[in-house]
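**Q** Curious how this folds, go ahead:
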Amino acid sequence: MKAITLIPGTTNVSLQELPDPVITAADDIKLRTIQVGICGTDREEVNGGRAIAPHGKDVLVIGHELFGEVIEVGRAVRAVRPGDFAMFTVRRGCGNCRACIKNRSDMSFTGDYTERGIKGADGFQAEYVVDKEKYIVKIPAEIKDIGVLTEPMSVAAKAIDEALSIQAARLGDFENTENWFAGKKALIAGIGPIGLMAAFALRLRGVQVIGMDIVDQNTLRPSVLKSIGGIYSDGRKVDVLEHDDLYGQIDFVFEAAGIASLQIKLIDTLGINGIYVATGIPADERSMNVPVGSLMRELVLKNQVVLGSVNAGIQHYRMAVKYLEESKRRWPAAIQQIITERIPFTEFHRALHPQTTNEIKVVIEW
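**A** Numbering: from 1, shown residues only. Alright, predicted model coming up:
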């Protein structure tokens, strides 16, 4: 089979011929790859950034946002059958800590996990993929045109689910514990693919969404946000610290920009009893002058929560599928605009360029 491979730590990425993966266990599933999304992690990897090949190998098959079709299953598999659309989750647990043993490697205590296409395990940019049934996520045929968005939506789904669980536990005596988000205001910092996935999910939950970025109002990302009822705020014109003054109490901050200085400033926008979830990973280590005293005073006096969230458990992938199904029913044109370019695998280099203004999600077609 053909696969897109990288020598980690270099910019040497190429299309190679590799042996087809085969089913060897009763719980194995083989997928024919249809599409694989490209994200900032892929671009970081192929520019010499963080990437680790599987043990004993010097190349890594990249790609972690999979959508494919089941073509073969082991004799014990019950979750899917040939002809179903599906994907595999990304992270594989250490096998030693309580979280990983319970198939919650997204909450690994040891950090000794692997991630397909990123850390110690080959990814999905290949014609065929084999993995275990416990990592499979079935995707309904009704959303096969946007099924490749399941992985980025799972990141948003986890952050929202964790925030809801925490707020329900803290505020359940006097707030709506089934959907704390209903009627609340949320500020999304960074309306790239994950930020927009959060916007769709939050709008489905009845949230007033303000999305902040540094692109013009009439470009694609703000247009998609506004088409689902969101408000766009241009961060070049409105200082982040002004958002609570302009829009009132911000109950939820969803950070998806990965800029350290912005991440710190966002704490100041959070309202009383609010919760902030950071999902972006800053690339730089530059020092900053931070008003620690005033920030900590706000956190304490306003009963605020600041939370980091990365990766997703399999239940969040299933939530992501539900969000995508409902988004397509409610805003079919808007959700389909998220995929801005489909590129044949033979021209994969075109998909790995730096993000452009009107790009949201580029996918490689297999």
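**Q** Just list the residues touching the nearest residue to Cys97 once chain neighbours are set aside, thanks.
**A** In this structure, Cys97 finds its nearest non-sequential neighbour in Phe109, 3.9 Å apart by CB to CB, 6 or more residues apart in numbering. From N, CA and C alone the C-beta is placed, and that goes for glycine too. When contacts are counted by CB atoms under 8 Å, 6 or more residues apart in numbering, Phe109 touches Cys97, Arg98, Ala99, Cys100.
**Q** All the strands of the stretch 251-366 of the chain, in order from the start?
**A** 270-278, 305-308, 339-344, 361-365 (DSSP state E, counting those that start in this stretch).
**Q** where's Leu241 relative to Glu359, distance?
**A** Counting by CB to CB, to the nearest Å, the gap from Leu241 to Glu359 is 29 Å.
**Q** Pick out whichever of the two has more residues nearby.
**A** Glu359 (16 against 11; other CB atoms under 10 Å).
**Q** Run the chain-centre distance for the lengthiest helix in the chain.
**A** Scanning the chain for the longest helix, with DSSP state H as the assignment, gives helix 150-171. Per CA atoms, centre = their mean, to the nearest Å, the displacement of helix 150-171 from the mean C-alpha position of its chain is 12 Å.
**Q** Now find how far off-centre the following helix or strand past that helix is within its chain.
**A** Once the chain leaves helix 150-171, the next helix or strand it forms, by DSSP states H and E, is strand 185-189. In terms of CA atoms, centre = their mean, the centre of strand 185-189 is found 16 Å from the chain centre.
**Q** ok, and what's touching strand 185-189?
**A** Strand 185-189 is contacted by residues 195, 198-199, 202, 207-212, 240, 243, 247-257, 262-263, 266, 269, 271 when judged by CB under 8 Å, 6+ apart.
**Q** Could you list the paired strands of that strand along with their orientation?
**A** Partners of strand 185-189 in the sheet, by DSSP bridges, are strand 208-213 (parallel), strand 250-255 (parallel).
**Q** what's the angle between the last one and strand 270-278?
**A** Right, the one you point to is strand 250-255. 20 degrees (axes from the mean of the first three to the mean of the last three CA atoms, to 10 degrees).
**Q** Pull out the C-alpha coordinates of strand 250-255 and format them as PDB.
**A** Extracted in PDB, the C-alpha atoms of strand 250-255 (Å, rounded to 0.1, in the frame of the first residue of the first chain):
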ATOM      1  CA  ILE A 250     -18.600  35.700  30.000                       C
ATOM      2  CA  ASP A 251     -19.600  32.300  31.600                       C
ATOM      3  CA  PHE A 252     -17.300  30.100  29.500                       C
ATOM      4  CA  VAL A 253     -14.000  30.700  27.700                       C
ATOM      5  CA  PHE A 254     -12.900  28.100  25.100                       C
ATOM      6  CA  GLU A 255      -9.300  28.700  24.100                       C
END
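**Q** Now do the same for it: mean pLDDT, whole number.
**A** Across strand 250-255, pLDDT averages out at 98.
**Q** before we move on, back to that, okay, the strands of the stretch 251-366 of the chain in JSON lines with mean pLDDT next?
**A** Output for those, formatted as JSON lines (pLDDT from 0 to 100):
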{"stretch": "strand 270-278", "mean pLDDT": "97"}
{"stretch": "strand 305-308", "mean pLDDT": "96"}
{"stretch": "strand 339-344", "mean pLDDT": "97"}
{"stretch": "strand 361-365", "mean pLDDT": "98"}
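**Q** a markdown table for these, including distance to Tyr232 and mean neighbour count?
**A** Listed next are the strands of the stretch 251-366 of the chain as a markdown table, based on distance: least, CB to CB, whole Å; neighbours: other CB atoms under 10 Å:
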| stretch | distance to Tyr232 | mean neighbour count |
| --- | --- | --- |
| strand 270-278 | 20 | 21 |
| strand 305-308 | 25 | 15 |
| strand 339-344 | 18 | 15 |
| strand 361-365 | 19 | 22 |
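**Q** out of those, nearest to Ser327?
**A** strand 339-344 (12.9 Å; CB to CB).
**Q** tell me the strands in the stretch 1-150 of the chain, going along the chain?
**A** Going by DSSP E, counting those that start in this stretch, the stretch 1-150 of the chain shows strands at 2-6, 13-17, 28-38, 60-61, 65-73, 85-88, 91-92, 114-116, 120-121, 128-132, 136-139.
**Q** can you tell me which of these comes nearest to Glu298?
**A** strand 91-92 (33.7 Å).
**Q** just to revisit the earlier point, columns distance to Met296 on top of the strands of the stretch 251-366 of the chain, output as JSON lines?
**A** Shown next, in JSON lines, are the strands of the stretch 251-366 of the chain (distance: least, CB to CB, whole Å):
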{"stretch": "strand 270-278", "distance to Met296": "13"}
{"stretch": "strand 305-308", "distance to Met296": "11"}
{"stretch": "strand 339-344", "distance to Met296": "41"}
{"stretch": "strand 361-365", "distance to Met296": "38"}
